[in-house]
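give the three-dimensional model of this entry:
(one chain, ligands or ions: 1)
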Amino acid sequence: MKKVGIIMGSDSDLPVVEKAINTLKEFEVPFEVHVFSAHRTPVEAKEFSANARENGFGVIIAAAGMAAHLAGAVAANTTLPVIGIPIKSQNLGGMEALLSTVQMPSGIPVATVAIDGAVNAALLAIEMLSLSEPVLEKKLADKRAADTAKVLEKNAGIENKYNN
Ligand code: RP5
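Here you go, the predicted structure:
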């Protein structure tokens, strides 16, 4: 199975990124995690991205906050799909990272999830890999069914409490 590359701009992003890591572990999807910054270590970020396809990666998740250029910079150096996670900041609440990540000009796409949306980033990466991995298609369907069952159970509890 192809690997998911997870890159974050700083180790301060790890508490959010760990949610993506845990989701990939849950689905038994292979991954690598790195701290590469578009600003502080641009050479390493470029090298990783440019070699990612031949190094066995199928998709890259890039998490960054503030003036978040990482996902776009990664996408500029690979034709693998890139998923951006805008990280919440103290001053502007992550809106700056959201806009920096999502507003890519035509030609270099970045699939952007919600601010701190690490779980969805991992699920989207797994959905991409599932195109050539039937085992992942089944696991995704099972998770949807389990999530539905949980909501229906909560609904039953609330209906019993207020509607009788
Ligand atoms: C971004 O700047 C990082 O992705 C991080 O979200 C933010 C702050 O980085 P640190 O100052 O915490 O290293 O590049």
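
so what's the residue nearest to the spatial centre of the chain up against?
Taking C-alpha atoms, centre = their mean, the centroid of the chain lies closest to Ala121, which sits 2.6 Å from it. When contacts are counted by C-beta atoms under 8 Å, 6 or more residues apart in numbering, Ala121 touches Ala20, Ile61, Ala63, Ile83, Gly84, Ile85, Val113. For the C-beta atoms, the positions are set from N, CA and C on the backbone; glycine is no exception.

may I have the strand ranked longest in the chain as PDB, with CA atoms only?
Identified as the longest strand of the chain according to DSSP state E is strand 57-65. Written as PDB, here are the backbone C-alpha positions of strand 57-65 (Å, rounded to 0.1, in the frame of the first residue of the first chain):
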ATOM      1  CA  PHE A  57       3.900   8.000  -1.100                       C
ATOM      2  CA  GLY A  58       0.400   8.200  -2.600                       C
ATOM      3  CA  VAL A  59      -0.800  11.400  -0.900                       C
ATOM      4  CA  ILE A  60       0.600  14.100   1.300                       C
ATOM      5  CA  ILE A  61      -1.000  15.900   4.200                       C
ATOM      6  CA  ALA A  62       0.600  19.300   5.000                       C
ATOM      7  CA  ALA A  63      -0.300  21.100   8.300                       C
ATOM      8  CA  ALA A  64       0.700  24.700   8.900                       C
ATOM      9  CA  GLY A  65      -0.500  27.800  10.800                       C
END
